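Participant: Here's a sequence, model it:
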Amino acid sequence: MNRRLADGIEAPEPREPRPAVQAVIALGANLGDRRATFASAVEALRRLPLTTDVVVAEPVESVAVTLEGPDADKPTYLNSVALVTTRLAPSVLLGYLHAIEARHGRERAERWGDRTLDLDLIAYGDTRSEDPRLMLPHPRAAERDFVLVPWLAIDPDAVLPGAGRVDDLLARPGDAS
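Facilitator: Sure, this is the predicted structure:
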């Protein structure tokens, strides 16, 4: 039931705070001072409102993946994964990730192109979304060793919603660039 304020205006009832969930964020960069960019981006994640417990995996190197496949002629990527506990809605969290990318010079000129910083929301608890603006879990996460390896390093029991245990995904046969 709404509360009545002055002049007949009704104020909505206060909402319960959103419960905290663990979000999985992939970090990637293949341009500029990648390590310095990562350190700055992680610090920005630690300062997000309603967000605590930021745990980050040691970065790993990987070959650039383009629309045509792996490209050893491109600058190599530094990749990592951060686990954050947050009460931000997934769309709000994604907005903050895009703002952090922009502060680090990210330009979205070419799909899967070189970048100073890429922050992908891989999973948000068990949330699933087919919305093209926010697909959860990330549609290609199960195929990306450069996401799965660092994720598993900081969470040995990690599960990608809809795909299964991360250790099982890494043990599958085939190339998962």
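
Participant: hang on, A39 in a helix?
Facilitator: Yes: checked against DSSP: H, G, I helix; E, B strand; the rest coil, A39 lies within a helix.

Participant: mind checking which helix or strand of this structure has the lowest mean pLDDT?
Facilitator: strand 3-4 (a mean of 62; mean pLDDT, DSSP states H and E).

Participant: Low-confidence bits of the chain, can you list those?
Facilitator: 1-8, 11-12, 106, 108-113, 174-177 (pLDDT under 70).

Participant: which residue packs closest to L170, ignoring adjacent ones?
Facilitator: Spatial nearest neighbour of L170, excluding adjacent residues (CB to CB, 6 or more residues apart in numbering): L148 at 5.2 Å. C-beta: built from backbone N, CA, C; applies to glycine.

Participant: Please apply the same query to W151.
Facilitator: V81 (4.3 Å).

Participant: again, but for L83
Facilitator: In this structure, L83 finds its nearest non-sequential neighbour in V55, 4.7 Å apart by CB to CB, 6+ apart.

Participant: Kindly report the same for R35.
Facilitator: Closest to R35 by CB to CB, 6+ apart is L78, at 6.9 Å.

Participant: so that neighbour is in which element?
Facilitator: strand 77-86 (DSSP states H and E).
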